[in-house]
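Student: please find the sequence and the predicted model below.
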Amino acid sequence: MLCFRMLSDRQIETYRRDGYLVVPRLIEGQQLADLRALTERIVQEARGVSANDELYDLEATHTAALPRVRRLKPVIFKRYAFFHALARDSKITSILAQLLGPNIRQHGGKLNMKSAGYGSPVEWHQDWAFYPHTNDDVLATGIYLDDCDGDNGPLMVLPGTHLGPTHDHHVGGRFCGAMDPATSGLDFDKAVPLMGPAGSMTIHHARLVHGSALNRSNRQRRLLLHEYTAADAWPLLGVADFTEFNSRIVLGEPTIEPRVVAAPIRMPLPPADHQGSIYENQRGTSRRFFETYDERVALN
Ligand SMILES: O=C(O)CCC(=O)C(=O)O
């Protein structure tokens, strides 16, 4: 008999109140080894790639000879059976069902690398600012491929902010995918790092303010992010391909009856000057919170 890890009532209450959870060691053994091996193979295949493409988002210091990959893009879920299956794994969906209900769609996802010594920071933001929906039963999970502690760039969250406003993620009238830390009115000293051994899964609500710092350690930190919605949460930016939209149902059934629940919305329009991954979008930011690799090198 298959036996799934379930959240306790207390964990569900904590998620509703604080907007996040960590489930330690959800992915283990051969499955974790396969995840790491496939990721390493895809990163090695970036040798010879000289610019960002459909699969790779590259560090500014990447060269074709010395591959430095910052992110594997959402196409991994279509191109690799392993990633497709993991996003639907019942170990994950049985937990999601407790938070989102019995019908769930994968919105997207990616695998963020934070390479040892230089892995890029991600500025404070709310995922909701990128993909508002008709209701906010929307969250992201993150599976750590490596042990993650305070030194190798853990995902950091500001508890309870999923119940507050949707912050301005625009600069000069264009979306930039990052909040201005100086005008947000938030106390970033209250940020909580989400840490755990490899295979642990973080969960954060789409409206929760989060970000992560430069990796200053000599250990990499890779995080496989899956974005999920209740099936009746429909994206306000629209559905381009209905068959493809329904192909992303990971649990239960699709619906053509979106549930509409009021939540603060700002549309991510007009699009960012540097449209692409969050790292590209955030190049438009006027004020940064986290130190960048270049700043660190200049200081030393
Ligand atoms: O990789 C990280 O630490 C944060 C990633 C994130 O928040 C995002 O890509 O939306």
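Tutor: That came in fine, so what should we check first? Predicted model only: the values in this text are computed from it and were never measured.

Student: give me the pLDDT value at Leu2.
Tutor: For Leu2, the pLDDT comes out at 58.

Student: could you number the chain from 38 rather than 1 from now on?
Tutor: Yep, numbering from 38; the last one is Leu39 now.

Student: now do the buried residues in stretch 327-337.
Tutor: Applying a neighbour-count criterion of 16 or more other Cβ atoms under 10 Å, one finds Phe327, Tyr330 buried in stretch 327-337. From N, CA and C alone the C-beta is placed, and that goes for glycine too.

Student: what lies in contact with it?
Tutor: Thr98, Tyr155, Ser157, Pro158, Val159, Glu160, Gly248, Ser249, Ala250, Leu251, Arg253 (Cβ atoms under 8 Å, 6 or more residues apart in numbering).

Student: wait, is the last one part of a strand?
Tutor: No: secondary structure assignment (DSSP: H, G, I helix; E, B strand; the rest coil) places Arg253 in coil, not in a strand.

Student: and the gap between it and the ligand?
Tutor: For Arg253, the distance to the ligand equals 14 Å [Cβ to the nearest ligand atom, to the nearest Å].

Student: and for that residue, the neighbour number?
Tutor: Arg253 has 16 neighbours, counted by other Cβ atoms under 10 Å.

Student: how about the residue nearest to Cys213 when sequence neighbours are not counted, what does it touch?
Tutor: In this structure, Cys213 finds its nearest non-sequential neighbour in Gly321, 3.7 Å apart by Cβ to Cβ, 6 or more residues apart in numbering. By Cβ under 8 Å, 6+ apart, the contact set of Gly321 is Val208, Gly209, Arg211, Cys213, Gly214, Ala215, Ala309, Asp310, His311.

Student: identify the bridge partners of the most centrally placed residue in the chain.
Tutor: Geometric centre of the chain, nearest residue: Leu262, 4.4 Å, by Cα atoms, centre = their mean. Bridge pairing for Leu262 (DSSP bridges) gives the partners Lys147, Gly179.

Student: I'd say it and Asn149 touch.
Tutor: Yes: with contact defined as Cβ atoms under 8 Å, Leu262 and Asn149 form a contacting pair (6.4 Å).

Student: tell me the residues of this protein that contact the ligand?
Tutor: Neighbours of the ligand within the chain, by Cβ under 6 Å from any ligand atom: Asn149, Val159, Asp164, Leu192, His247, Ser249, Leu260, Leu262, Ile315.

Student: max-length helix in the chain?
Tutor: Taking DSSP state H as the criterion, the chain has its longest helix at helix 66-81.

Student: show me what counts as buried in that helix.
Tutor: Neighbour-count burial for helix 66-81, counted by 16+ other Cβ under 10 Å, picks out Gln68, Leu69, Leu72, Leu75, Thr76, Ile79, Val80.

Student: with stretch 90-105 instead?
Tutor: For stretch 90-105, a neighbour-count test (16+ other Cβ under 10 Å) marks Leu92, Tyr93, Asp94, Leu95, Glu96, His99, Pro104, Arg105 as buried.

Student: mind checking the backbone torsions on the first one?
Tutor: Here is the backbone geometry of Leu92 (degrees, to the nearest 10): phi -100, psi -40.

Student: same thing with the fourth one?
Tutor: Taking degrees, to the nearest 10, you get phi -110, psi 150 for the backbone angles of Leu95.

Student: ok, it touching Ala88?
Tutor: Yes: counting by Cβ under 8 Å, Leu95 touches Ala88, with 7.2 Å between them.

Student: could you pull out the helices for the stretch 238-337 of the chain?
Tutor: Chain-ordered helices for the stretch 238-337 of the chain, with DSSP state H, counting those that start in this stretch as the definition, fall at 279-284, 315-318, 330-336.

Student: by contact count, what packs against the second one?
Tutor: In terms of contact count using 3 or more Cβ pairs under 8 Å, 6 or more residues apart in numbering; DSSP states H and E, helix 315-318 is assigned the packing partners strand 159-162.

Student: what's the mean pLDDT across the strand it packs on?
Tutor: On average, the pLDDT along strand 159-162 is 96.

Student: pairing partners for it, with directions?
Tutor: Applying DSSP bridges to the sheet, strand 159-162 is found paired with strand 247-249 (antiparallel).

Student: from the chain's centre, how far out does the partner strand sit?
Tutor: The chain centre lies 10 Å from the centre of strand 247-249; the measure is Cα atoms, centre = their mean, to the nearest Å.

Student: for stretch 277-292, same thing?
Tutor: 20 Å.

Student: got the end-to-end distance for that stretch?
Tutor: Stretch 277-292 has an end-to-end distance of 16 Å (Cα to Cα, to the nearest Å).

Student: buried sites along that stretch?
Tutor: Neighbour-count burial for stretch 277-292, with 16+ other Cβ under 10 Å as criterion, is recorded at Phe282, Arg285, Ile286, Val287, Leu288, Gly289.
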